[in-house]
Structures are given as structure tokens and as C-alpha cells.
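A.B. asks: Sequence and predicted structure, then a few things I'm wondering about:
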Amino acid sequence: MFEALSEQLEAAWKKLRGQDKLTASNIQEPLKVVRRALIDADVSVQVVREFIQGVETRAVGKEVISGVRPDQQFIKVVYDELVQVMGTEQVPLITAPQSPSIILMAGLQGTGKTTAAAKLALYLKKQDKKPLLVATDIYRPAAIDQLQTLGRQIGVPVFALGTDVNPVTIAQQGVAHAQSEGCDWVIVDTAGRLQIDQAMMGELAQIKTTIQPQEVLLVVDAMTGQEAANLTRTFHEQIGITGAILTKLDGDARGGAALSVRQISGQPIKFIGTGEKVEALQPFYPERMASRILGM
Amino acid sequence: VGQGPLDERAVTELETLLLQADVGVTVTDWVIQQIQAQIRQEALPPELALKLLSGLLRQVLERPYQHHAPNLTPVPGQLNIWLITGVNGVGKTTTIGKLAHLATKSGYKCLIAAADTFRAAAVEQVKIWGERAGVGVVSNPSANADPAAVVFDAIGAAQSRGVELLLVDTAGRLQNKQNLMAELQKVRRIIDKKAVNATVESLLVLDATLGQNGLRQAQVFTEAANLTGVILTKLDGTARGGIALAITQELGLPIRFVGAGEGLMDLRPFSSYEFVEALMGI
Ligand SMILES: Nc1nc2c(ncn2[C@@H]2O[C@H](COP(=O)(O)OP(=O)(O)OP(=O)(O)O)[C@@H](O)[C@H]2O)c(=O)[nH]1
Ligand SMILES: Nc1nc2c(ncn2[C@@H]2O[C@H](COP(=O)(O)OP(=O)(O)OP(=O)(O)O)[C@@H](O)[C@H]2O)c(=O)[nH]1
Ligand SMILES: [K+]
Ligand SMILES: [Mg+2]
Ligand SMILES: [Mg+2]
């Protein structure tokens, strides 16, 4: 794909041979090529618009470096801008001044919250931490069973009160339980919800107010299309997220949602999910994501 | 693109509408070209663009009916097998529950094969759906059982019990995982071999929030599972599911059902009219 983008940019540039400066007019055609590539990678149309403006501002006036092909130089500008927007360094989890530190999972249905909760627990356990998982999804059939099965696999306890107790109460008692058991991390799994579902968003807001988590991690499927922008905006406005986890990156989606999530919330992507197994969690590296979105 | 009777602003508007619905760059370009050509050839006022757009989109969605019946229903009095496939988390298991309910209500004798033997609590989940719909579930209690073996057993049970619709739940799999796609191929082979006289539908479940990767999914799943149609879920959200339209355009697959909620009743037969209205935000 990067080759495709490269070739198209080269073609766009051939028409401009001999020009020694990137100008507002001679980068219009290459900008169009980049715009299409980003939309093809599922970056939200609105985010693409802002991003292209950023690239334009950065590129215009640059001298073409002798010995470097202008299309290559232009790609470098695009790539650098992508890395810049996505946050140039990897951001660790926020810990509470006093144990336990609390992580609240949030997101649409089926994005990978429950799996990511277990992955995080294992990740923390491997750092000699003592995590507790809390099962507040009383809606999805066998959701608690799913978390308990994963908990057994990784040897991390799961706090559950069945499906007849209010999720806010479960979360609250889960945190209290972690305190009494001397756990230093609590990971609260929640039911999937649409950002337009007022009742369910209200519930999540109430869980947050009640347990005061250090982290609210929005779990986003890397295959998400244009909707990534809407859902991020609403979750951030109504709940307030501190970061995101991008899942299913073991697939071959280009993952443009990453750019939308980051640009719209301003919050860092902290981890990526790279498989169905509980070990498949990795830190997020903006450079790698930029290359992937551009198809490099 | 964009050369024609529609001015730049009108083109941008149409383009934004389609791209924001996840229709994708290729189909969007094609659609706009078609509209430009139609306005020019028939000397129509450009204000008609939106109307032309909805007509064109419906044409795309209804074109598969040249080769497929417009409505998908099991053939009564014989075994039908519907294989439900797709990537992780799109709504396969939930849709099985809804389909089981719909089919039972319509008087079909129904059975579910729990062939997701991989994901944590997948069998428990589909069993709860079976209970809700009042439909039996064939499963293998041993961990990581061979899904093809579960399907084999379920076909045997369906045949001996005179079942008319066997719904096969499969594990979510990303289409670039060759081993998992080979496993699906094996399930498909078992169905074709063991149920020679059954009418088989192979349905890909797509989540309306999916972006452009959906097209790749449809291509690869078509090869592995010989797809005959698509089910689009999560249309109760604000995502429009435009990639399903691109899939129909590129692969000729009909959209069969739409899911719009997490409840037992939240499934409807596909209507191109409703889909296009929703996509265009009418
Ligand atoms: N390939 C792959 N699959 C994943 C990844 N993360 C999660 N999954 C799969 O995605 C599906 C959904 O994951 P869940 O953890 O159940 O998602 P969820 O967000 O908890 O779903 P709900 O609770 O129903 O909203 C399951 O099949 C998981 O195995 C990942 O990084 N890669
Ligand atoms: N809002 C909404 N949620 C849905 C719909 N269909 C399914 N879901 C939810 O999506 C999540 C995943 O659904 P599943 O049926 O488990 O999906 P799956 O494809 O079987 O997942 P895996 O087996 O893990 O690959 C659950 O939380 C469902 O309740 C729908 O039409 N609308
Ligand atoms: K999804
Ligand atoms: Mg879950
Ligand atoms: Mg399932």
C-alpha cells in the first residue's frame, strides 16, 4: 500500500519537475493523494481535513533538499506530522498516590474490553503487581463467566456479584474488596454501550463518579471506520477518558481510527491489542502506527 | 472526479455524505460519476442529485436479486444450514439468538451448533441465547474441541430430529489468520459433505461501525466459506454501515438481515429503502 501511495505521489510530482520549493500550489495534487490514502485508512473525514491543513502549513516554503526526491521529502513531512499528532512518546499508566490504582474500561459493544481487561491484569501481574478484576457487565449473556474464565487462565481474582446487582454497586464494592485484600490495581470491566444510549452512558458516568478511577480507557476496535470520531467525542465529553486501547491490530486494517481517537480526545493511546490470547497486549508506538496508517 | 454539471460544492457535499457513511473512496467516486453522467445525459436540474443518489444506491443494493431471491427464508420441510461467520465481536452469536427466535416464531424447527469452541464462555453465551429463543444447542463440553466435529454432530442431530434450520455459530476470526480461515474452510467442507441435500447459506456478519477493512473481510471469507450473503449489525448506533454497500457493489452479495439492538427481537429483514434513507440521514 505504501508503494501505491509512493507511486501516486511520485506521479503527482512528475508534473512539477524542476521546482525547487514546496509551494501552496504545487503541493495541492500531492495533498489530494494523501487525503485519499488517509480516508482509505479510515481516518475520519473531518480529522483528515484538519490534518491536511497541518501538513500544508508545515510543507509550504520548504526548500527541496538537493539529492532528495520532492515526493519523498513530502512523505517525510506527512509522516512526521502523523507522529506528532499521535503523540511522540509512549505514555505509561497513571498510578494513584495511594493503592489501589483504578482502571475503568469503556467502549462500544464487542470492541475487546473484557479481553483487554484480562490482558492488562496479566501485564500488571507480570510486573509483580496484585490486580483485581471487577465484573460489572450484568447485561451481555455470560459476560461475567467470560471474565471469570479469563481470570482463571491468568491466575487473577475476579470480583463478581452476579447479574441482579447494580453495576455501580458492584464497582464500588469491588474497589472496597481490593482495598481489604491489599490489591494495588483494580480493573473494572464494563458492558459495551452505544454513545447515544443515554441510560447506559449515565450509568458509566455514575460508576466513574463513585470509584474515581485514575484511568478511564476507551477501548476502540482498530477496524472501526468513520464512527471512531463520533464515539470518541461523546465518550470524552460525557465520561472523560484518560487514554485508549486500540484492539485487533493483529488484523490487516490500516487503523486510521487511531488518528481520529487521538486528535479528537487529545488523550494518548496507551496500549494495543494484537491477538485473542491474554498475552497479546503491547505498548503503543506512534511511529509504528504512523507507518501503518500510511501503509509503509 | 467531479467534472460535470454539479458544481464543486455539490460534489463535496455528496462526497462527504458517502465517505462519512464508510462507503469508501472507490465507490464514492463511481457514484458521483454516475450522477454527473445522468444529470448531463438527461439534462436534469442539479437539485435532483440527492434523489438520483438514493435511486442509484438502491439499485446497487438490489442488483444481487438478479441471482438471489429478494428475501431469505429457510425452505420448509427440509434441512437448511446457515453458517454464521465473521471477524471478532461483530455480533455473530447475538444474531444467532435473534435468528433462532425469528425462525421458531415463523414455525420452523430450529437447532443451534455451538462451533465457537475457542473464546472464553462462548458456549455458555450461545446456550443462554438458545434458552431465550427456546431452541436446543449442540455443543462439545471439552475445551478446545474441534469445531468441525461439533458441526458434524449437530448435522447428525438435525437430520435425526427433523430440524429445518440449523444455525452454526463460529468463532470470530480475522481474515488474515490463515490457520483460522483453514479451520472455517474445513467446517464448510463438513457441511457440504455430511448434509448433501441441505440448502446452505453462508452469511458474513458485519458490524456497522466497520470501516474499509470490511471489504477485505468479505473477499477472504467468500473464498473460505463460499458466502451467499451479509448480515449487518449494530445499526441502532449512529454508524451507517456504508461498507456493506461497497461489498454488495464489489462482490454482488445481498444484505439479508439487519441487527438493531441487543435484544431477542432486534433483527429485521433487510430493506434497501430503509437502509438508504438511514445512510443518507433522511
Ligand atoms: N484478533 C483479536 N481479537 C481480539 C482482540 N481483542 C479482543 N478480541 C476478540 O474480540 C471479541 C470481542 O472481545 P470482548 O473482550 O468480548 O469484547 P467486549 O468489548 O468485552 O465486548 P462486549 O462486552 O460485548 O461489549 C472476542 O472474540 C475477543 O477474543 C485482539 O486484539 N485481536
Ligand atoms: N447495539 C448493538 N449491539 C449488538 C448488536 N448485535 C450484537 N451486539 C453486541 O455486540 C457484542 C458482541 O456480540 P456477540 O454476539 O458476542 O459477537 P460475536 O461476533 O459472536 O463475537 P465473537 O464470538 O467474540 O467473535 C455484544 O455486547 C452484543 O450484545 C446490535 O445489533 N446492536
Ligand atoms: K466491533
Ligand atoms: Mg465484555
Ligand atoms: Mg460469538
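C.D. replies: The structure has been received and is ready for your questions. Ligands and ions are numbered 1, 2, ... in the order given.

A.B. asks: ok, is the longest strand along chain B in contact with ligand 1 or not?
C.D. replies: Taking DSSP state E as the criterion, chain B has its longest strand at strand B:199-207. No: Strand B:199-207 lies out of reach of ligand 1 by Cβ under 6 Å from any ligand atom, never closer than 10.6 Å. All C-beta atoms are positioned from the backbone trio N, CA, C, and that covers glycine.

A.B. asks: and the closest residue to B:Lys177 other than its chain neighbours, what pLDDT?
C.D. replies: In space, and not counting its chain neighbours, B:Lys177 is closest to A:Asp250: 7.8 Å by Cβ to Cβ, 6 or more residues apart in numbering or on different chains. On the pLDDT scale, A:Asp250 is placed at 98.

A.B. asks: tell me the contacts of A:Asp250?
C.D. replies: Neighbour list for A:Asp250: A:273-275, A:280, B:174, B:176-177 [criterion: Cβ atoms under 8 Å, 6 or more residues apart in numbering or on different chains].

A.B. asks: Doesn't it lie inside a strand?
C.D. replies: No: counting by DSSP: H, G, I helix; E, B strand; the rest coil, A:Asp250 is not part of a strand but coil.

A.B. asks: Does the longest strand of chain B reach ligand 3?
C.D. replies: Yes: under the criterion of Cβ under 5 Å from the ion, ligand 3 is reached by strand B:199-207 at B:Asp207.

A.B. asks: that older thread, need phi/psi at the residue nearest to B:Lys177.
C.D. replies: phi -80, psi -10 (degrees, to the nearest 10).

A.B. asks: what about it, distance to A:Arg292?
C.D. replies: Going from A:Asp250 to A:Arg292 by Cβ to Cβ, to the nearest Å gives 12 Å.

A.B. asks: rewinding a little: could you dump the contacts of A:Asp250 into CSV and include secondary structure and pLDDT?
C.D. replies: Shown next, in CSV, are the contacts of A:Asp250 (DSSP: H, G, I helix; E, B strand; the rest coil; pLDDT from 0 to 100):
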residue, secondary structure, pLDDT
A:Gly273, strand, 98
A:Thr274, coil, 98
A:Gly275, coil, 98
A:Ala280, coil, 98
B:Leu174, coil, 98
B:Asn176, coil, 98
B:Lys177, coil, 98
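
A.B. asks: got the residues of the stretch 151-296 of chain A near ligand 1?
C.D. replies: Counting by Cβ under 6 Å from any ligand atom, the stretch 151-296 of chain A sits next to ligand 1 at A:191-192, A:219, A:247-248, A:250, A:273-276, A:280.

A.B. asks: Closest one to B:Thr209 out of those residues, please.
C.D. replies: Nearest to B:Thr209, judged by Cβ to Cβ, of those is A:Gly192 at 11.2 Å.

A.B. asks: Look at the closest residue to ligand 5 within the stretch 151-296 of chain A and report its pLDDT.
C.D. replies: With Cβ to the ion as the measure, A:Glu276 is the residue of the stretch 151-296 of chain A nearest to ligand 5, at 11.7 Å. As predicted, A:Glu276 sits at a pLDDT of 98.

A.B. asks: ditto for B:Gly2
C.D. replies: On the pLDDT scale, B:Gly2 is placed at 54.

A.B. asks: picking up where we left off before, what would the contacts of A:Asp250 look like in JSON lines with distance to A:Val261 and neighbour count?
C.D. replies: As requested, the contacts of A:Asp250 are arranged in JSON lines below (distance: Cβ to Cβ, whole Å; neighbours: other Cβ atoms under 10 Å in any protein chain shown):
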{"residue": "A:Gly273", "distance to A:Val261": "14", "neighbour count": "23"}
{"residue": "A:Thr274", "distance to A:Val261": "17", "neighbour count": "18"}
{"residue": "A:Gly275", "distance to A:Val261": "20", "neighbour count": "18"}
{"residue": "A:Ala280", "distance to A:Val261": "20", "neighbour count": "18"}
{"residue": "B:Leu174", "distance to A:Val261": "20", "neighbour count": "22"}
{"residue": "B:Asn176", "distance to A:Val261": "22", "neighbour count": "16"}
{"residue": "B:Lys177", "distance to A:Val261": "25", "neighbour count": "18"}
